[in-house]
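Trainee: need a 3D model of the sequence below.
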Amino acid sequence: MKKIIFYILAFLFCLPTQAQQRFFGVIQDADEYVNVRGTNGTVIGKLLDNHVFVDWDAQKRHKEWHSVEYGTETGITKTCPNGNTYAGEIHKSRIRYLADLPQLKKQPQSTDNHLVYANDTLTVEIGFQDFNLQKHDIVYDLETGFVRSIDGCSDLIGIDNNIPHKEYASITVKHPAGILEFPTAYITHLYEPNQNNVAVALGKGNTLFISTQNSDGAGGYYAVWTVENYLVKRLFVLHDF
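Mentor: Numbers count the residues shown, from 1 in each chain. Sure, this is the predicted structure:
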């Protein structure tokens, strides 16, 4: 199973941004939730509207029940090696993929270090910066010289035991009621952001999904932030492949 997931992830990483979004879905149901079932049909969990998940069977249109992986209702979820995800099955009729949702358009004023996505009422700005060695506490492995941890975090996402070149500086959402600045915890320890692989989708109500694919060439990962009612609700990081 682990080998199959590796090949799916490798395939995912080669897809254009819009196509990648077709592996990430949310629930669309009149009851505003769907039950997650085990392979024997027993209910083992619940997914609410706007809760992002990975659909491992997104390309298998012949299958009625799709295998999904999802995280907690709030906060930060990461897949292996230190994952806190859940897995189960849901019926394909309840899935709406991020790629099929309305999208904010990338604006002409975007630069290599500052992306802008907007419509008539919302503006999402994503800032990048060079990784500054002097501003981080880095621990190296004495034998190999590899990076073991950065700022106390050993779960290094987006790099392969080396020093990062880029990191997120900020993510902000300008909305009718004001400006949301993402808390630091939601943008740190996500290295080598790729300015060309970003999409911003609109969900139900005041909800938006910012998704990105990043890598230094070896430490590839996907990150999807969910903003509900102009607050950061959750971050789902799919990595370690």
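
Trainee: over to the residue lying farthest from the centre of the chain: give its phi and psi.
Mentor: In the chain, counting by C-alpha atoms, centre = their mean, E143 sits farthest out from the average C-alpha position, at 33.6 Å. When quoted as degrees, to the nearest 10, the phi and psi of E143 stand at phi -80, psi -40.

Trainee: pLDDT score assigned to it?
Mentor: E143 is assigned a predicted lDDT (pLDDT) of 91.

Trainee: surely Y140 meets V147?
Mentor: Yes - in this structure, Y140 is within contact of V147 by C-beta atoms under 8 Å, at 6.1 Å. Heads up, the C-betas are built off the backbone N, CA and C, glycines and all.

Trainee: where does the prediction get shaky in this protein?
Mentor: Residues of the chain that meet the criterion pLDDT under 70 lie in 1-21, 81-82, 216-219, 240-241.

Trainee: quick one: the helices in it?
Mentor: Taking DSSP state H as the criterion, the chain contains helices spanning 2-13, 17-20.

Trainee: higher neighbour count, Y140 and V147?
Mentor: V147 (18 against 13; other C-beta atoms under 10 Å).

Trainee: for the closest residue to that one other than its chain neighbours, give me its contacts.
Mentor: With sequence-adjacent residues excluded and distances taken as C-beta to C-beta, 6 or more residues apart in numbering, V147 is closest to N161, at 5.5 Å. Neighbouring residues of N161 by C-beta atoms under 8 Å, 6 or more residues apart in numbering: D141, T144, F146, V147.

Trainee: cool, and L115?
Mentor: Listed by C-beta under 8 Å, 6+ apart, the contact set of L115 reads K106, V124, E125, I126, G127, Q195, V198.

Trainee: out of those residues, who's nearest E167?
Mentor: Distance to E167 across the contacts of L115 (C-beta to C-beta) is lowest for G127, with 10.1 Å.

Trainee: the closest one touches D112, doesn't it?
Mentor: No - at 10.9 Å, G127 does not count as touching D112 under the criterion of C-beta under 8 Å.

Trainee: the two - which one has more neighbours?
Mentor: Taking other C-beta under 10 Å, G127 and D112 do not tie; G127 has more neighbours (15 against 9).

Trainee: bridge partners for the more buried one, pull those for me.
Mentor: Beta-bridge partners recorded for G127 (DSSP bridges): H114, S170.

Trainee: then I27?
Mentor: D49, I95.

Trainee: need the contact list for it.
Mentor: For I27, the contacting residues are Y33, V34, L47, L48, D49, N50, H51, I90, R94, I95, R96, by C-beta under 8 Å, 6+ apart.

Trainee: can we see that at 7 Å?
Mentor: Contact analysis of I27 by C-beta atoms under 7 Å, 6 or more residues apart in numbering lists Y33, V34, L47, L48, D49, H51, R94.

Trainee: any idea which of the residues you listed is closest to N40?
Mentor: Closest approach to N40 among these (C-beta to C-beta): V34, at 17.5 Å.

Trainee: if you skip the residues just before and after it, what's nearest to that closest one?
Mentor: R94 (4.6 Å).
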